[in-house]
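Asks: just need the structure, nothing else, for what follows:
(one chain, ligands or ions: 1)
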Amino acid sequence: MFKYFIPTKVVFGQGSLDKLHRQKLPGKKALIVITAGKSMRGQGYLARVEEQLDKAGVDHIVFDKIQPNPLLEHVTEAAELSKNEGVDFILGLGGGSSIDSAKAIAVMAANEGNLWDYVGGATGKNQPIPNAPLPVVAITTTAGTGTEADPWAVITKTDTKEKLGIGWDSTYPVLSIVDPLIMLSVPPKLTAYQGFDALFHSTEGYIAKIANPISELYSIDAITRVGRSLAEAVDDGSNVEAREDVALANTIAGFIQSISSCISEHAIEHALSAYHHELPHGAGLIIISHAYYETLINKGAVPEKFVNMAKALGKENATKPEDFLTVLLDLQKACGVDDLKLTDYGFTEDELPGIAKNAHTVMGHMFPLDPVEIDEEATLALLKKSFK
Ligand SMILES: [Zn+2]
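Replies: The predicted structure is shown next:
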């Protein structure tokens with residue numbers, strides 16, 4: 001049994017941002033959510049979106065405090081602003097952090113209390129959401145999280161060190177614009193981190209226990225696109241074809257997240273980023289990936305699927321699961337991200353037991369989806385293997 005429900009209208013392709021005003025927008029006043037960084041203004045993307053909304057006769061205000069790992073306090077603040085200003089939809093502009101925040105803000109702009117009253121997992125109270133969230137429009141400027149094509153958001157509550165994935169059927173964006181032309185300015189390192197995030201959404205979704213025939217098709221397609229185009233997009237950011245291929249892989253990976261799921265690789269990475277916020281999500285995934293997949297392979301997990309993934313990623317003559325580790329490392333070398341270190345981000349080895357425990361507590365619901373059991377001991381062992 002599986003469920004297929006992806007209600008988002010996706011407008012994909014070069015120049016699609018300039019068509020925003022022709023889309024049916026879900027309200028008359030938008031809160032545009034962007035990060036505290038300079039790029040949305042500096043690159044002119046904010047101005048272009050405002051111009052599109054003006055053309056469509058939609059009012060807008062801006063909230064610009066979102067951090068790379070979005071924090072609960074900013075969600076709360078932006079929701080208050082939305083209520084006070086009479087905003088009737090939320091527009092996330094940027095990477096995963098802006099769009100994830102837009103979804104969480106949409107929930108709280110229509111409801112009382114605190115977001116943690118409604119989230120499940122960790123210290124969340126898991127109460128039903130009384131009122132439907134405001135509609136969300138997503139305009140992604142990166143090819144990383146796939147959040148434009150799924151209902152999920154990752155929000156961090158700092159006092160309890162919880163970096164938690166949340167989402168409901170009501171938090172799918174109603175409209176997403178994916179325009180590779182506004183991804184050309186993403187620097188090489190970030191392009192690589194985000195591309196690997198999209199890759200791991202696809203690989204994890206492929207081997208998850210809840211994978212289904214449709215998500216498996218999507219996974220193989222997305223893995224193929226990353227394998228053939230990511231290194232080119234990193235090497236030459238102005239290569240539009242490579243950018244477009246990776247952007248499509250990323251959106252497809254969002255669909256995969258909607259109908260399959262990430263597994264414990266993401267749970268473990270969330271724990272790492274919860275301890276040291278400066279660690280980019282994609283970098284954290286890359287750092288643990290080799291030891292993580294090696295652990296799965298050594299435990300005998302889904303050998304045929306690992307061969308299929310190795311072939312899709314570019315090793316066409318793959319015959320054994322370990323070939324996936326080889327081609328994964330080759331791609332990391334080709335993208336210049338094979339030597340990332342946890343110590344560069346302030347980690348110490350004595351933090352690892354706490355991180356392993358955090359992964360199983362805060363994101364414990366992901367571990368049962370693994371194709372073989374990864375307990376806390378195995379988690380700690382693979383973290384130690386990844387540590388340098
Ligand atoms: Zn991710």
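
Asks: relative to His21, how far out is the residue located most distally from the centre of the chain?
Replies: Of all residues in the chain, Gly57 has its C-alpha farthest from the mean position, at 31.3 Å, by C-alpha atoms, centre = their mean. From Gly57 over to His21 the distance is 9 Å, taken as C-beta to C-beta, to the nearest Å. All C-beta atoms are positioned from the backbone trio N, CA, C, and that covers glycine.

Asks: where do the helices sit along the chain?
Replies: Assigned by DSSP state H, the helices in the chain fall at 39-42, 45-55, 72-85, 96-109, 188-207, 213-235, 240-259, 264-275, 281-298, 303-313, 322-334, 352-362, 376-386.

Asks: looking at this protein, which helix or strand is least sure?
Replies: When the helices and strands of the chain are scored by mean pLDDT, DSSP states H and E, strand 162-167 comes last with a mean of 88.

Asks: packing partners for that strand?
Replies: Applying 3 or more C-beta pairs under 8 Å, 6 or more residues apart in numbering; DSSP states H and E, one finds that strand 162-167 makes contact with strand 152-157, helix 264-275, helix 352-362.

Asks: partner strands of it, parallel or antiparallel?
Replies: If you go by DSSP bridges, strand 162-167 pairs up with strand 152-157 (antiparallel).

Asks: mind checking how far the strand it pairs with is from the chain centre?
Replies: 10 Å (C-alpha atoms, centre = their mean, to the nearest Å).

Asks: got it, and stretch 77-84?
Replies: Per C-alpha atoms, centre = their mean, the centroid offset for stretch 77-84 relative to its chain is 25 Å.

Asks: and if you look at stretch 236-247?
Replies: For stretch 236-247, the gap between its own C-alpha mean and the chain's C-alpha mean amounts to 19 Å (C-alpha atoms, centre = their mean).

Asks: okay, buried residues for that stretch please.
Replies: Across stretch 236-247, burial judged by 16 or more other C-beta atoms under 10 Å covers Gly237, Asn239, Val240, Ala242, Arg243, Glu244, Asp245, Val246, Ala247.

Asks: the residue lying closest to the second one once chain neighbours are set aside and Ile297, how far apart?
Replies: With sequence-adjacent residues excluded and distances taken as C-beta to C-beta, 6 or more residues apart in numbering, Asn239 is closest to Glu232, at 5.4 Å. Here the criterion is C-beta to C-beta. By it, Glu232 lies 28 Å from Ile297.
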